[in-house]
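J.: Any chance you can model this:
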Amino acid sequence: MTAPTFRTTRQMPAQMLGTDISGADNLSQALEIAGLDWTLLDEPADNLSVVTADGITNTSFPGHRLLMRSDDTTTLGVVGGRYEAVDNATAFGVADAAKSLGATFAHAGEIDGGRKTFLTMEVPEATFAVGGYDLVKFGVTLRTSHDGSGAITGSADGTRLVCTNGMRTSLKAGGSWTIRHTRSADTRMEEAHELIQNAMIFAKEFTAHASALIEQKMTTNDFDQMLNLLLPAPGEDATARVINGHQRRRDQLMDLWTSAETQEEGRNTAWAAYNAVVEWDQWIRPANNGDEGRALRNFNTNAAGLPERTFALLTA
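T.: The predicted structure follows:
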């Protein structure tokens, strides 16, 4: 079996949306490199002045506060009196402890003007070869929001190196979890152990499924029947545009299955079938707003998408 052909022109979502922080020795350096070393200004919103076309208008959000970036005073959210603001350094505080355990910094960045921020780390020991040759590496993504909409979360993520396809799906091991924000060094070390352990558990469970898939032979007819289940044909009253779009998707998927070199690793197996669908979904399917829109879609993918349904079907 020949070595995988790496598609270096494809950038992973975190790489496209963020900054390379692999050279950082600690979280403080990582945040500075990524431009995330700002804190949060927490101001009462009881008395506000807004400049409108008619002049200055006084308004208020009684009992609420404004969360603003310290570097440019952009307002990120309006929150209630009980909301506890947590800046990037505190939200990602577990990263220093994780690095001491062997994880390495990868990328960090902001989305929607800083309302959401993220930091990714690689776990070098969590790299596995499916079928002995198709490499998939795993790491973790830390996310937080500064608009009052969510908690700090961690997720285990895999990347198939032959084509930088993201390998994320729902498993019993769980691919995401909530992280407590704390200033306790002992607690952060406990969470760092949990962070890396979760990544390893996810990686091993995913690889076990993938190793079974690469041993499962499939014919082109099998793949076609799978597409019938995943992408049912339009009804008789469908427009020509809908019918043509459906046929185009099937043709693209069939081409990825039959001839794309990215499916050479495990050709004519269920693993190649899964990867054909993942590659189409992440790199071929049209995306709004170009490369950035595609990166955002891939970065924010959930367990209800086509790749996840394909994985569930093939591993059932």
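J.: list the helices and strands the helix or strand Gly154 falls within packs on?
T.: According to DSSP states H and E, Gly154 maps onto strand 153-160. Judged by 3 or more C-beta pairs under 8 Å, 6 or more residues apart in numbering; DSSP states H and E, strand 153-160 is in contact with strand 134-145, strand 165-167, strand 176-178, helix 185-214. All C-beta atoms are positioned from the backbone trio N, CA, C, and that covers glycine.
J.: All the strands of the protein, in order from the start?
T.: Here the chain has its strands, by DSSP state E, at 19-20, 40-44, 48-52, 55-59, 64-69, 75-80, 104-111, 116-130, 134-145, 153-160, 165-167, 176-178.
J.: Now do the longest one, average pLDDT.
T.: Looking back up the chat, that one is strand 116-130. Predicted confidence along strand 116-130 averages 93 (mean pLDDT).
J.: residue ranges with poor pLDDT in the stretch 101-250 of the chain?
T.: Applying pLDDT under 70 to the stretch 101-250 of the chain picks out residues 170-175, 180-185.
J.: What degree of burial does Asn288 show, as a neighbour count?
T.: 9 (other C-beta atoms under 10 Å).
J.: Tell me which of the strands of the chain sits nearest to Asp255.
T.: strand 165-167 (16.1 Å; C-beta to C-beta).
J.: Domain boundaries for the protein, per the record?
T.: Annotated domains of the chain cover 13-36+87-212, 217-315 [automatic domain parsing].
J.: coming back round to it: compile the helices and strands packed on strand 153-160 into a markdown table and extend it with columns for distance to Val51 and mean neighbour count.
T.: As requested, the helices and strands packed on strand 153-160 are exported to a markdown table (distance: least, C-beta to C-beta, whole Å; neighbours: other C-beta atoms under 10 Å):
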| stretch | distance to Val51 | mean neighbour count |
| --- | --- | --- |
| strand 134-145 | 27 | 21 |
| strand 165-167 | 43 | 23 |
| strand 176-178 | 39 | 13 |
| helix 185-214 | 43 | 18 |
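J.: Let's have the strands of the chain in JSON lines, adding distance to Ala240.
T.: Formatted as JSON lines, the strands of the chain follow (distance: least, C-beta to C-beta, whole Å):
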{"stretch": "strand 19-20", "distance to Ala240": "45"}
{"stretch": "strand 40-44", "distance to Ala240": "52"}
{"stretch": "strand 48-52", "distance to Ala240": "48"}
{"stretch": "strand 55-59", "distance to Ala240": "51"}
{"stretch": "strand 64-69", "distance to Ala240": "49"}
{"stretch": "strand 75-80", "distance to Ala240": "45"}
{"stretch": "strand 104-111", "distance to Ala240": "37"}
{"stretch": "strand 116-130", "distance to Ala240": "40"}
{"stretch": "strand 134-145", "distance to Ala240": "40"}
{"stretch": "strand 153-160", "distance to Ala240": "36"}
{"stretch": "strand 165-167", "distance to Ala240": "32"}
{"stretch": "strand 176-178", "distance to Ala240": "41"}
